[in-house]
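S.K.: Generate a structure from the sequence data that follows.
(one chain, ligands or ions: 1)
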Amino acid sequence: DTGSAAAIPINEVDIAYVTPVTIGTPPQTLMLDLDTGSSDLWVFSSLTPSNQVRGQEIYSPTKSSTSKLLSGHTWSIRYGDGSGSRGTVYTDNFTIGGLEVKSQAVQAALEVSSSFTQEQSLDGLVGLGFSALNTVRPSSQLTFFDNARPNLDEEVFTADLKYHATGSYDFGFIDSKKYAGNITYTTVQQSPGYWTHSLSGYSVGSGAFQASQISGISDTGTTLLYLPTAIVTAYYRQVQGAQNSQYYGGYVFPCSSTLPTFTFGIEGARFTIPASYINYTRISPTSTTCYGGLQSSSGLGINIFGDVALKAAFVVFSGTNPPRIGFAIK
Ligand SMILES: CC(C)(C)S(=O)(=O)N[C@@H](Cc1ccccc1)C(=O)N[C@@H](Cc1c[nH]c[nH+]1)C(=O)N[C@@H](CC1CCCCC1)C(O)(O)C(F)(F)C(=O)NCCN1CCOCC1
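M.R.: As a prediction, the model looks like this:
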């Protein structure tokens, strides 16, 4: 089997991407954020208190003839940005882009934090990390990818995220029309459950490539690129008027500044992030100060290769043994 679905930016600065999925019988369509940085599939539901729902689509298990309560099971998750949710668990038919998994664990929210309530374009998440990170107890559940794997033509899914445009997620095949040249693979350490791998180095603008192993996670659910402070300061040293603002919690600069590109290495291959991707957003709609798409990871305890980096490539998440991640120019 295979599947292919759109990855649609939810706002004008690509803060996140959502993908249409269907749950249940008859199918209920929700827009979910496919997130390789977590492994819970959870949705706004008919069980979510109405004062916590503001425009999101909800999953109603009672309206689905194929839903089954996974009795006695609960879940609770906290994300890096402090947001979180918790609830109960059903199994039901679940499809992404024509690829169906019967009796997928669908985690129905009984409570969501305020930042989820405020994000009306996001109806929940599809965790595509390793199933070890799933928070359902007493027995953890498998991700959509782990459930689909035995039936996939190829044990892969790919991410083709785009800058200010709709991209795609494919399951079970690698679409050669979506990239140029070769795919460069590197090994993934799947503990503790992220797509963890190393960059082979970096360069700023036309500067020399600095070879160094930089370990981090490729995370479609994180907006920006978070790297070690030394690299980030080297980058913003090239930006007129840049400063690391305590107030804004990161590097800001005059929106009119010229930004250099940023290149990262995967093994012997090189991927260049255009300056426009790093000129992330104005700090407020009328401000002339802009917030960078490259920020320091020092507060996170882990380097995160988020959407700012991933949208500069065609990325293959390979569930082979050992797992691998591949990058190609597009
Ligand atoms: C633009 C920005 C200022 C950087 S943002 O913070 O607003 N962007 C958020 C994403 C977002 C999109 C839309 C609306 C609101 C928030 C962002 O990038 N947050 C990141 C990481 C972060 C930390 N600090 C600063 N940023 C995050 O938490 N990403 C998680 C998915 C998010 C959660 C909020 C909703 C959108 C999806 C994540 O799953 O990718 C994660 F890996 F970071 C994470 O937290 N994974 C949870 C891992 N646990 C480990 C223990 O077992 C359970 C799972």
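
S.K.: Straight-line length of stretch 22-36, end to end?
M.R.: With CA to CA, to the nearest Å as the measure, stretch 22-36 spans 19 Å from end to end.

S.K.: Kindly report the same for stretch 109-129.
M.R.: End-to-end distance of stretch 109-129 (CA to CA): 20 Å.

S.K.: what separates that stretch from the chain centre, distance-wise?
M.R.: 13 Å (CA atoms, centre = their mean, to the nearest Å).

S.K.: what does the stretch 201-330 of the chain put close to the ligand?
M.R.: 219, 221-224, 300 (CB under 6 Å from any ligand atom). Just so you know, the C-beta spots here come from the backbone N, C-alpha and C atoms, and that holds for glycine as well.

S.K.: ok and the residue in the stretch 151-300 of the chain nearest the ligand?
M.R.: Residue of the stretch 151-300 of the chain nearest the ligand, by CB to the nearest ligand atom: residue 221 (2.9 Å).

S.K.: what number of residues lie near that residue?
M.R.: 23 (other CB atoms under 10 Å).

S.K.: Correct me if wrong: it contacts residue 35.
M.R.: Yes. Between residue 221 and residue 35 there is a contact under CB atoms under 8 Å: 3.1 Å.

S.K.: Need the overlap of contacts for those two.
M.R.: Listed as contacting both residue 221 and residue 35 by CB atoms under 8 Å, 6 or more residues apart in numbering are residue 125.

S.K.: Could you measure from the one residue in the stretch 1-150 of the chain that gets nearest to the ligand over to residue 5?
M.R.: Nearest residue of the stretch 1-150 of the chain to the ligand: residue 37, at 2.4 Å (CB to the nearest ligand atom). With distances taken as CB to CB, to the nearest Å, residue 37 is found 19 Å from residue 5.

S.K.: Now do the helices in the chain.
M.R.: 114-118, 144-148, 229-236, 275-278, 307-310 (DSSP state H).

S.K.: Same list (the ones you listed) but as a markdown table, adding mean neighbour count and mean pLDDT.
M.R.: Listed next are the helices of the chain as a markdown table, based on neighbours: other CB atoms under 10 Å; pLDDT from 0 to 100:
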| stretch | mean neighbour count | mean pLDDT |
| --- | --- | --- |
| helix 114-118 | 16 | 98 |
| helix 144-148 | 23 | 98 |
| helix 229-236 | 18 | 98 |
| helix 275-278 | 19 | 98 |
| helix 307-310 | 26 | 98 |
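
S.K.: nearest to residue 289, of the ones you listed?
M.R.: Evaluated over these, closeness to residue 289 peaks at helix 229-236, with 13.5 Å, by CB to CB.

S.K.: What lies in contact with that closest one?
M.R.: Residues from elsewhere that reach helix 229-236 (CB under 8 Å, 6+ apart): 202, 204, 210, 214, 242, 244, 251, 253, 260, 262, 292, 294-298.

S.K.: so who does residue 197 touch?
M.R.: By CB under 8 Å, 6+ apart, the residues touching residue 197 are 186-189, 215-218, 325.

S.K.: can I get the residues you listed in CSV with neighbour count and pLDDT?
M.R.: Formatted as CSV, the contacts of residue 197 follow (neighbours: other CB under 10 Å; pLDDT from 0 to 100):
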residue, neighbour count, pLDDT
186, 16, 98
187, 13, 97
188, 22, 98
189, 14, 94
215, 11, 98
216, 23, 98
217, 23, 98
218, 25, 98
325, 22, 98
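
S.K.: out of the contacts of helix 229-236, which are inside strands?
M.R.: 202, 204, 210, 214, 244, 251, 253, 262, 292, 294-296 (DSSP state E).

S.K.: Need the max-distance pair from those residues.
M.R.: Pairwise distances across the ones in strands among the contacts of helix 229-236 (CB to CB) peak at 23.0 Å, for the pair 214 and 253.
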